[in-house]
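A.B. asks: Return a 3D structure for these sequence lines:
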Amino acid sequence: MDANVKQAYEAAKALYAQHGIDTGEVLKKLAEIRVSMHCWQGDDVKGFLNQDQELSGGISVTGNYPGAARTPEELRADLDKAFSLIPGKHKVNLHAIYADTDEKVELDQLEPKHFERWVTWAKEQGLGLDFNPTCFSHEKSSDGFTLSHPDPEIRQFWIDHCKASRKIGAYFGEQLGQTCVTNVWVPDGFKDNPVDRMSPRRRLKESLDEVFAEPIDPKHNLDAVESKLFGLGSEAYVVGSHEFYMGYGLQNDKLICLDAGHFHPTETISNKLSSLALFTSGILLHVSRPMRWDSDHVVIMDDELLEIGRELVRHDLLGTTHIGLDFFDASINRVAAWVVGTRNTIKALLRAMLEPVEALKKAELEGDYTVRLALTEEFKSYPFGAIWDYYCASNNVPVREQWIKEVKDYEQNVLLKRG
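C.D. replies: Presented below is the predicted three-dimensional model:
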């Protein structure tokens, strides 16, 4: 380890120790957190089952930076590169369209065998896998409806796809010894004002009941449901609203997914965590950056990301919260996007762990808001960066911006050769 990194860490360690913060214990706890890195940043959400299918469901990826992954092997190589620049061991979040198979298979016929190469790779790398049914970019979702579709045959297709996805998720969890979170999101909704808002939601509820009817060992698979405020093509009405899924999740003991970009522009998911946590057994987070609502920009260490980290740490929610990323940007190097977003998410958690939470809570309880404010502000300039650098060096990943050169070399030697 570089002597300067070690020296800076020791100085910072002493400063934090004055407030009863053991940086060594903090880093041990940080190492236990597994962030689920989304595979779809690497290829612009195309997948491998039907790469010629245009994106739908309100999903749009902009930019044409060279080097997008074209095959499962290329995508895994890109993920390997990204993980080599990120401290800790984490997970990969797969969508159903990323099946790695030599046979032509429809979504409702997918089986664990179609993802066996992903499982083999994850075992080799010590990674976990999460999963999502892909209820978009398909001819049977072209009119904007899937699990709430009025046509029972089309609706059954998507029900069967979601059932198959749960079995795949359970296989991941069983094989890898890490619980898989299988998250259901559907794009169903109307572009203009509907007359009947209730019937599609009733159909969605009935479909979900059928999807989740078969019990699955929660050690292997946990089910999650994800809401959205509106989407491209569903500006007026989304069937799976926050209220719908919050009610469904609470009633049926499913994880409720909070996506940072799926709410009103003035809402924040950080403020929802302490409320939901009182009534649920767990929460799924999709960390994104909604610059213009659900625009899915690369995660930066902005105020909301820091607040999410603080809420998780201050209320001891890390053990019951599953943290995943959800952004895609084709205007920049895709591997770099993963690295920036994932490192920032871990940094935000570290910063929260390095705050004097108990002292702040004590001051607040005693009505000493002066100390609460003053101490909060002073800690903003404490040297958390020295702790982060030490953590990176201890995990044999580049310190600070050194990783950029590795990504640029990978771009020249690998990505640009893809054409």
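A.B. asks: OK, contacts around residue 223?
C.D. replies: For residue 223, the contact set (CB atoms under 8 Å, 6 or more residues apart in numbering) comprises 166, 182, 184, 212, 216, 254-255. The way it works is simple: take the backbone N, C-alpha and C, and place the C-beta from them, glycine included.
A.B. asks: Try it again at 6 Å.
C.D. replies: 182, 212, 254 (CB atoms under 6 Å, 6 or more residues apart in numbering).
A.B. asks: May I ask which of the residues you listed has the most neighbours?
C.D. replies: Using other CB atoms under 10 Å as the neighbour criterion, residue 182 leads those with 24 neighbours.
A.B. asks: so after the helix or strand that contains it, what's the next helix or strand?
C.D. replies: Using DSSP states H and E, residue 182 maps to strand 180-184. As assigned by DSSP H and E, the chain's next helix or strand after strand 180-184 is strand 189-190.
A.B. asks: Quick check: what element follows that following strand along the chain?
C.D. replies: helix 198-211.
A.B. asks: The helix or strand that that next one is followed by versus strand 180-184: what angle between them?
C.D. replies: As assigned by DSSP H and E, the chain's next helix or strand after helix 198-211 is strand 221-226. Here strand 221-226 points in a direction 30 degrees away from that of strand 180-184 (axes from the mean of the first three to the mean of the last three CA atoms, to 10 degrees).
A.B. asks: for strand 221-226, the distance to its chain's centre please.
C.D. replies: Computed by CA atoms, centre = their mean, to the nearest Å, the chain-centroid distance of strand 221-226 equals 13 Å.
A.B. asks: residues touching residue 230, list them.
C.D. replies: residue 238.
A.B. asks: can you do 8 Å?
C.D. replies: Contacts for residue 230 (CB under 8 Å, 6+ apart) come out as 189, 236-238.
A.B. asks: if I look at it, how far off is residue 40?
C.D. replies: Separation of residue 230 from residue 40 (CB to CB, to the nearest Å): 21 Å.
A.B. asks: where does residue 284 fall, helix, sheet strand or coil?
C.D. replies: Secondary structure assignment for residue 284 (DSSP: H, G, I helix; E, B strand; the rest coil): strand.
A.B. asks: for residue 130, that is, sorry about that
C.D. replies: Under three-state DSSP, residue 130 comes out as strand.
A.B. asks: okay but it is in contact with residue 36, surely?
C.D. replies: Yes: here residue 130 reaches residue 36: they are 4.8 Å apart, a contact under CB atoms under 8 Å.
A.B. asks: and for these two, which residues touch both?
C.D. replies: With CB under 8 Å, 6+ apart, residue 130 and residue 36 have common neighbours 91-93, 181, 322, 324.
A.B. asks: before we move on, the earlier item: pLDDT averaged over the strand holding residue 182, what's the number?
C.D. replies: For strand 180-184, the mean per-residue pLDDT is 98.
A.B. asks: quick one: that strand to chain centroid distance?
C.D. replies: Its chain's C-alpha centre and that of strand 180-184 lie 11 Å apart, by CA atoms, centre = their mean.
A.B. asks: please begin residue numbering at 29 from this point
C.D. replies: Renumbered: residue one is now 29, and that last one reads strand 208-212.
A.B. asks: Any buried residues in the helix or strand harbouring residue 402, and which?
C.D. replies: Assigned by DSSP H and E, residue 402 belongs to helix 397-407. Buried residues in helix 397-407, counting neighbours by 16 or more other CB atoms under 10 Å, are found at 400, 403, 407.
A.B. asks: Could the C-alpha coordinates of that helix be exported in CSV?
C.D. replies: Output in CSV follows, covering the C-alpha atoms of helix 397-407 (Å, rounded to 0.1, in the frame of the first residue of the first chain):
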residue,chain,number,x,y,z
TYR,A,397,-30.6,21.7,17.8
THR,A,398,-27.6,24.0,17.8
VAL,A,399,-25.2,21.1,18.4
ARG,A,400,-27.2,19.0,15.9
LEU,A,401,-26.7,21.5,13.2
ALA,A,402,-23.1,22.5,14.0
LEU,A,403,-21.9,18.9,14.3
THR,A,404,-23.6,17.9,11.1
GLU,A,405,-22.0,20.7,9.2
GLU,A,406,-18.5,20.2,10.7
PHE,A,407,-18.5,16.5,9.7
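A.B. asks: and the residue nearest the centre of the chain, how far is that from residue 63?
C.D. replies: Nearest to the geometric centre of the chain sits residue 352, at 1.9 Å (CA atoms, centre = their mean). For residue 352, the distance to residue 63 equals 7 Å [CB to CB].
A.B. asks: what do these two both touch?
C.D. replies: Common contacts of residue 352 and residue 63, defined by CB under 8 Å, 6+ apart, comprise residue 119.
A.B. asks: which residues in this structure form helices?
C.D. replies: Using DSSP state H, the helices of the chain run over 31-45, 51-59, 100-111, 144-153, 180-204, 226-239, 270-280, 298-304, 331-342, 362-381, 385-393, 397-407, 412-422, 430-441.
A.B. asks: Which two of the shared contacts of residue 158 and residue 64 have the greatest separation?
C.D. replies: Longest distance between any two of the shared contacts of residue 158 and residue 64 is 13.3 Å, between 120 and 350; criterion CB to CB.
A.B. asks: Which neighbours do the two have in common?
C.D. replies: 64, 158.
A.B. asks: For residue 154, state which of the contacts of residue 258 is nearest.
C.D. replies: residue 266 (37.9 Å).
A.B. asks: so the closest one bridges to which residues?
C.D. replies: Residue 266 has the following beta-bridge partners by DSSP bridges: residue 217.
A.B. asks: returning to what we had before: what mean pLDDT does the helix holding residue 402 get?
C.D. replies: Helix 397-407 comes out at a mean pLDDT of 97.
A.B. asks: which helices and strands does that helix pack with?
C.D. replies: Counting contacts by 3 or more CB pairs under 8 Å, 6 or more residues apart in numbering; DSSP states H and E, helix 397-407 is packed against helix 385-393.
A.B. asks: Tell me if I'm right that residue 155 and residue 121 touch.
C.D. replies: No: counting by CB under 8 Å, residue 155 stays clear of residue 121, with 10.7 Å between them.
A.B. asks: Looking at those two, which one has more neighbours?
C.D. replies: Comparing residue 155 with residue 121 by other CB under 10 Å, the one with more neighbours is residue 121, at 25 against 21.
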